[in-house]
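Student: Okay, sequence plus prediction incoming.
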Amino acid sequence: MLYVGLGILYLFLLVYFGVKCFKNARWVYLVLGIFFPIFWIIGGMLPPKGMSKVDALYAQKEQQ
């Protein structure tokens, strides 16, 4: 039962970070994530392309 729950959580997180890669225009991470899922996590955590660090901080502050 534990393995099923952890498997569902793993799949949910992969889909979540995959969608975030798509929204952040991180296409390379999205494609590499198909073979190595760690790239989806990295791509999902990075700010959207074209944003400066200051813009990213403001966007993060607005989400909270």
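Tutor: That came in fine, so what should we check first? Residues are numbered from 1 along each chain as shown.
Student: can you map out the helices along this structure?
Tutor: 2-23, 27-35, 38-45, 53-63 (DSSP state H).
Student: what's the most buried one of these?
Tutor: helix 38-45 (a mean of 18; mean count of other C-beta atoms under 10 Å). All C-beta atoms are positioned from the backbone trio N, CA, C, and that covers glycine.
Student: now the angle from that one to helix 2-23?
Tutor: Counting by axes from the mean of the first three to the mean of the last three C-alpha atoms, to 10 degrees, helix 38-45 lies at 50 degrees to helix 2-23.
Student: Show me how far helix 38-45 is from its chain's centre.
Tutor: Distance, stretch centre to chain centre, for helix 38-45: 5 Å (C-alpha atoms, centre = their mean, to the nearest Å).
Student: Same check on stretch 33-53?
Tutor: Using C-alpha atoms, centre = their mean, the offset of stretch 33-53 from its chain centre is 5 Å.
Student: quick one: average confidence on that stretch?
Tutor: Averaged across stretch 33-53, the pLDDT comes to 75.
Student: residues contacting the spatially most central residue of the chain?
Tutor: Centrality entry for the chain: nearest residue to the mean C-alpha point is residue 44, 2.0 Å, by C-alpha atoms, centre = their mean. Residues counted as contacts of residue 44 (C-beta atoms under 8 Å, 6 or more residues apart in numbering) are 16-18, 20-21, 24, 26, 29.
Student: For residue 3, see how far away it is.
Tutor: Counting by C-beta to C-beta, to the nearest Å, the separation of residue 44 from residue 3 is 24 Å.
Student: Please state the backbone phi and psi of the closest residue to residue 53 other than its chain neighbours?
Tutor: Of all residues not flanking residue 53 in the chain, residue 47 sits nearest, at 7.8 Å (C-beta to C-beta, 6 or more residues apart in numbering). Note on residue 47: backbone dihedrals following degrees, to the nearest 10 are phi -70, psi 160.
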